[in-house]
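Trainee: Okay, structure incoming, though there's no sequence with it:
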């Protein structure tokens, strides 16, 4: 079964970008015939991997009404797409493009929702939000099946389609932390510096606790964050994923909307304690002990709850070690290898009828 994963267009080399490479790489290592097509905006930072990992990466610099025809031309120009038995789209604009190809697309098409496929309230003007939601909804309803990675994300799109849950995963990494670090370590924010990730909320927690902290990422709020950051917060751009967790006491997933949250899963695999919002897709997979859920899976507001949770974690080594062990055990189930196996099994079920 030839599978082609399409992620077009992408603005950053972060979540969906890394997931596309991870899925194709892990599938090929398992002997599966998978490939990928990625098109980045020219302004995206970073460079593609040097090794041939089965993903064709290019750029796309058109917008508006010209974008969808450009995506279609790109796909039809690639043998990976034309010869595939299955196409899996990971971006709303890719959904729209593939939905209009008719018999020119592979025989099976799955829309794999990796994030809310239309702007949330406050992220775009009302007309654009409504138009994009209508177009993406119409497109997804033409797919043979729609998948979502978490129940949080499924609930976000269920008004448009009823998705099948196919959990995501990240590459396995070694444990490097056991919860022993307290105030000598630092708190971590890792993600796009945008409103839904709430880096300014993270900065306020740092200010109130006085803890050492590092924020990794880039985005529209970078300037505002730099101007208002507390003295103990260091702001970096994107770095190698392995460098995120050296010396980390805890990761704070402050997002008000997080479809999955690979940073939290990576932290958990490393043994770094995490504190997550209830809107964090991976939270129900990572923290399952009821007492730990009450302590470290928090409502988005108020900030005082987050400050209390952070200070409790910083001051209680036994609790940090317990949370670290719990996270490592649960994160073993959220690997990219398991995700590929679930995708492959679901595709075989679809092929069987």
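Mentor: Received it, and whenever you're ready, just let me know what you need. What you are looking at is a predicted structure, and each value in this text was computed from that prediction instead of being measured.
Trainee: How about the contacts made by residue 74?
Mentor: For residue 74, the contact set (CB atoms under 8 Å, 6 or more residues apart in numbering) comprises 8, 37, 39, 58, 60. No exception for glycine: its C-beta is placed from N, CA and C like everyone else's.
Trainee: Show me the residues you listed that map onto strands.
Mentor: Judged by DSSP state E, the contacts of residue 74 include 8, 37, 39, 58 as members of strands.
Trainee: As TSV, those residues with distance to residue 325 and pLDDT would be great.
Mentor: What follows is the ones in strands among the contacts of residue 74, written out as TSV (distance: CB to CB, whole Å; pLDDT from 0 to 100):
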residue	distance to residue 325	pLDDT
8	41	97
37	40	98
39	42	97
58	44	96
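Trainee: Go through the residues you listed and single out the one with the most neighbours.
Mentor: Sorting the ones in strands among the contacts of residue 74 by how many neighbours each has (other CB atoms under 10 Å) puts residue 37 first, at 25 neighbours.
Trainee: and it, bridged to which residues?
Mentor: Beta-bridge pairing for residue 37 (DSSP bridges): residue 6, residue 56.
Trainee: Verify the contact between it and residue 8 for me.
Mentor: Yes. Contact criterion CB atoms under 8 Å: residue 37 and residue 8 qualify, at 6.6 Å.
Trainee: so how far is stretch 183-202 from its chain's centroid?
Mentor: What separates the centre of stretch 183-202 from the centre of its chain is 15 Å, taken as CA atoms, centre = their mean, to the nearest Å.
Trainee: do stretch 196-209 as well
Mentor: Centroid displacement of stretch 196-209 relative to its chain, using CA atoms, centre = their mean, is 20 Å.
Trainee: mean confidence for that stretch?
Mentor: Averaged across stretch 196-209, pLDDT comes to 96.
Trainee: secondary structure element for residue 189?
Mentor: For residue 189, the enclosing helix or strand under DSSP states H and E is strand 186-190.
Trainee: Check which helices and strands that strand is in contact with.
Mentor: helix 199-209, strand 213-216, strand 248-253 (3 or more CB pairs under 8 Å, 6 or more residues apart in numbering; DSSP states H and E).
Trainee: quick one: pLDDT of residue 123?
Mentor: Looking at residue 123, the pLDDT reads 67.
Trainee: Can you tell me how far the nearest residue to residue 261 once chain neighbours are set aside is from residue 8?
Mentor: Of all residues not flanking residue 261 in the chain, residue 282 sits nearest, at 4.3 Å (CB to CB, 6 or more residues apart in numbering). As judged by CB to CB, to the nearest Å, residue 282 and residue 8 stand 25 Å apart.
Trainee: Same question for residue 160.
Mentor: For residue 160, the distance to residue 8 equals 21 Å [CB to CB].
Trainee: What pairs with the strand holding residue 189, parallel or antiparallel?
Mentor: strand 213-216 (parallel), strand 248-253 (parallel).
Trainee: give me every residue that touches residue 335.
Mentor: 169, 170, 171, 172.
Trainee: Which ones among these map onto strands?
Mentor: Per DSSP E, strands hold no members of these.
Trainee: Mind checking which of these are buried?
Mentor: 169, 170, 171 (16 or more other CB atoms under 10 Å).
Trainee: In contact with the first one, which residues?
Mentor: Think residue 169. Residue 169 neighbours (CB under 8 Å, 6+ apart): 22, 265, 334, 335, 336, 337, 338, 339, 340.
Trainee: Which of the three states applies to the residue of the chain most remote from its centre?
Mentor: Residue farthest from the centre of the chain, counting by CA atoms, centre = their mean, is residue 103 at 31.3 Å. Here residue 103 is recorded as helix under DSSP: H, G, I helix; E, B strand; the rest coil.
Trainee: mind listing the helices for the protein?
Mentor: Taking DSSP state H, the helices of the chain run over residues 15-29, 67-76, 79-82, 92-99, 126-140, 151-157, 199-209, 222-228, 262-270, 283-286, 290-296, 303-315, 317-331, 336-351.
Trainee: deepest of those helices, which one?
Mentor: Mean neighbour count (mean count of other CB atoms under 10 Å) peaks for helix 262-270 among the helices of the chain, with a mean of 27.
Trainee: quick one, it and helix 15-29 angle?
Mentor: Angle, helix 262-270 to helix 15-29, by axes from the mean of the first three to the mean of the last three CA atoms, to 10 degrees: 50 degrees.
Trainee: now for helix 262-270, which elements pack on it?
Mentor: Applying 3+ CB pairs under 8 Å, 6+ apart, one finds that helix 262-270 contacts helix 15-29, strand 248-253, strand 274-277, helix 283-286, helix 317-331.
Trainee: try 10 Å
Mentor: Contacts defined by 3 or more CB pairs under 10 Å, 6 or more residues apart in numbering; DSSP states H and E place helix 262-270 against helix 15-29, strand 186-190, strand 248-253, strand 274-277, helix 283-286, helix 317-331.
Trainee: To residue 218, which of the ones you listed lies closest?
Mentor: When the helices and strands packed on helix 262-270 are compared by CB to CB, strand 186-190 sits nearest residue 218, at 11.3 Å.
Trainee: Between its first and last residues, how far does stretch 35-53 reach?
Mentor: With CA to CA, to the nearest Å as the measure, stretch 35-53 spans 8 Å from end to end.
Trainee: Next: stretch 5-18.
Mentor: 12 Å.
Trainee: Let me see the contact set for residue 179.
Mentor: Contact analysis of residue 179 by CB atoms under 10 Å, 6 or more residues apart in numbering lists 249-250, 271-273, 313, 316-328.
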